[in-house]
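Peer 1: Fold the following, please.
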Amino acid sequence: MIGILLVAHGSLAESLAECATHVLGQRPAGLATLDFIGHADPDERQKVLQALLVELDQGEGVLVLADIYGATPCNTLCRVLEPQHVEGITGVNLPMLLKALNYRESLQLMPLVDRIVEGGRNSIHHITGTLCDAAKGH
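Peer 2: This is a model prediction of the structure:
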């Protein structure tokens, strides 16, 4: 199973994990979070991140979902990426996380990365009356 780590500002990472737990009915195994609260020391956060990667890695790799490209959580992640083994995606949202959790046992890491990026893009919609009617089955 591919491990999944969420890294984000404030309490977003843990909040996303709690939302996934609510949707799925239980906290998924192999899911961890690392929140960057206040002015977290990047070197200290990197040590914690590395420890979490070791903990999550069961041999099939770890997917790290970050909030904002170019910000401290993402930049800290950039220092520990290992192509084909520790991969990262930015712009995390709940649909991306749920897709990652649902497909991580049936896909290898790189196809999972592709599926998550596509799913993230496809989960963004402008809410219009027509879209609401479609959601209601009208």
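Peer 1: distance between the host helix or strand of residue 16 and the chain's centre?
Peer 2: Residue 16 is part of helix 12-24, with elements assigned from DSSP states H and E. Put simply, helix 12-24 sits 11 Å off its chain's centre (CA atoms, centre = their mean, to the nearest Å).
Peer 1: From the contact counts, what lies against whichever helix or strand comes after that helix?
Peer 2: Downstream of helix 12-24, the next assigned helix or strand under DSSP H and E is strand 31-36. On a contact count with 3 or more CB pairs under 8 Å, 6 or more residues apart in numbering; DSSP states H and E, strand 31-36 meets strand 3-9, helix 12-24, helix 42-56, helix 72-78. Backbone N, C-alpha and C define where each C-beta goes, glycine included.
Peer 1: which outside residues touch strand 31-36?
Peer 2: Here strand 31-36 makes contact (CB atoms under 8 Å, 6 or more residues apart in numbering) with 3-14, 16-17, 20, 45, 48-49, 52, 55-56, 72-73, 76, 101.
Peer 1: excluding its backbone neighbours, what's nearest residue 9?
Peer 2: residue 36 (5.4 Å; CB to CB, 6 or more residues apart in numbering).
Peer 1: before we move on, back to that, which of the helices and strands packed on strand 31-36 is buried the deepest?
Peer 2: strand 3-9 (a mean of 23; mean count of other CB atoms under 10 Å).
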